[in-house]
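S.K.: Need coordinates for the following:
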Amino acid sequence: MNPTLTNFHNRRFEWALQAEKEFLERFAGKTESPAIMEEISQNHEVNELSINRLTKLYKEAEVASKLELAQYEEKMKQQDELIKRHQFLQGQELEEAEAQEKQICNEIDAYEGFLKKNELKNMDPDHIRELVNDIIGYTPDHRKASIINGDVERLQENVARELENKFRKAKQEAGMLKIEISHLLELPYLPPIPKIEQKIDAFWLKSTYEKAIFEIRSIAYDWVTEMYQNYNLLLAPILKEASGLKEQFFQEAEALKLGNSEKKAKLEEELANYQGQKVELDACYQKVYQVWNQDREHIAQLQGYLIKYWLEYKEELQQHFRYGNAEERWLAGQYLQLLRQDGEEIIEALHE
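M.R.: Next up is the predicted model:
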């Protein structure tokens, strides 16, 4: 074979092989693609097939990375939706828990208000005696039976009206609080305090007046005491039941708070796990993205090396075309066309 032709033929792909060799020397230890690393470690020989194989591997690695990135993107999207859905459900759970706690607290407040508003009457003797003495006044300058009787009647009316009104309202409120009580239950009838009966309205003697005041106050004291006792006897069971219901709601509130606290902690733990999984997915995504981006940069560098040595070999062929003998010029022209064709095929293969 013609030595000149042999030389041109043997060097047809030398520019590409030199580019690959320099590329491998620089980037062989930097790629993180397992397939590319295996190819480089197993194939130390640089030739035309190795260029195609390396180019193909980079392309396959890029496609695989893109697919893996898309898969991670879908997983992260699903994880985001899972987190949002969990946060929404968590918000609903907390709202329902707060509503339940608020409802029970309102029940407790209602019973507390009922108990404060409907207290048993004070049975302290001094308190009752003070009440009686305030209404049945001692008026030594106006010593008349009619005045005493008027005060006694006013005392009875005040006490009876107060207790009847209080008990009626207590029954109404108890019914609203689901406390079972008969609407027919009423304060028992208590005979009125006897009036002072005498022919002459005025007391001529102060001692007689004072004796009458003392006796009527003593009777009135007993009458008010019995009225209070009757009222307390009727109200006490109602207050006891109200207090029991209040305690029951209080225990329910404590149990609900504990349950809600545990549920909240569990929901927060689940959310933290979901968010942790999202962080892990994002870290995997970034790692794959880094490999994908690195391979893209490497393949771009390979293109740069190919262009560099292609231009150098082109310049060498042009020198033969300009200054060589007739045979060299003809062969150089032919191989310049082949160089252009080979360059286009190899470099274009990088962009397929």
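S.K.: all contacts plus neighbour counts: C-alpha atoms, from now on.
M.R.: Noted.
S.K.: Leu177 - how many residues pack around it?
M.R.: Neighbour count of Leu177, defined by other C-alpha atoms under 10 Å: 15.
S.K.: ugh, wrong one, I meant Leu306
M.R.: Using other C-alpha under 10 Å: Leu306 sits among 23 other residues.
S.K.: now Ala160
M.R.: If you count neighbours by other C-alpha under 10 Å, Ala160 ends up with 18.
S.K.: measure it to Glu226 for me?
M.R.: Ala160 sits 11 Å away from Glu226, taking C-alpha to C-alpha, to the nearest Å as the criterion.
S.K.: Same question for Lys77.
M.R.: Distance from Lys77 to Glu226, by C-alpha to C-alpha: 79 Å.
S.K.: what do you get for Ile307?
M.R.: 118 Å.
S.K.: neighbour-wise, which of the two wins?
M.R.: Between Ile307 and Glu226, counted using other C-alpha under 10 Å, the more crowded position is Ile307 (17 against 14).
S.K.: And the helix or strand containing that one, what does it pack against?
M.R.: Per DSSP states H and E: Ile307 is located in helix 206-323. For helix 206-323, the packing partners by 3 or more C-alpha pairs under 8 Å, 6 or more residues apart in numbering; DSSP states H and E come out as helix 14-27, helix 48-117, helix 125-135, helix 145-176, helix 326-349.
S.K.: quick one: contacts of stretch 101-109?
M.R.: Lys246, Phe249, Phe250, Glu252, Ala253, Leu256, Lys257 (C-alpha atoms under 8 Å, 6 or more residues apart in numbering).
S.K.: Would you mind giving me the confidence score for the last one?
M.R.: At Lys257 the predicted local confidence, pLDDT, stands at 87.
S.K.: The first one now?
M.R.: Among the per-residue scores, Lys246 shows a pLDDT of 91.
S.K.: Name all residues that make contact with it.
M.R.: Glu107, Ile108, Tyr111, Glu112.
S.K.: Quick check: Ala19 touching Glu312?
M.R.: No: the pair Ala19 and Glu312 does not pass the contact test of C-alpha atoms under 8 Å, sitting 10.9 Å apart.
S.K.: So between those two, which is more surrounded?
M.R.: Remark: of Ala19 and Glu312, Ala19 carries more neighbours, 22 against 13, as counted by other C-alpha under 10 Å.
S.K.: Pull the contacting residues for the more buried one.
M.R.: Ala19 touches Leu302, Tyr305, Leu306, Lys308, Tyr309, counting by C-alpha under 8 Å, 6+ apart.
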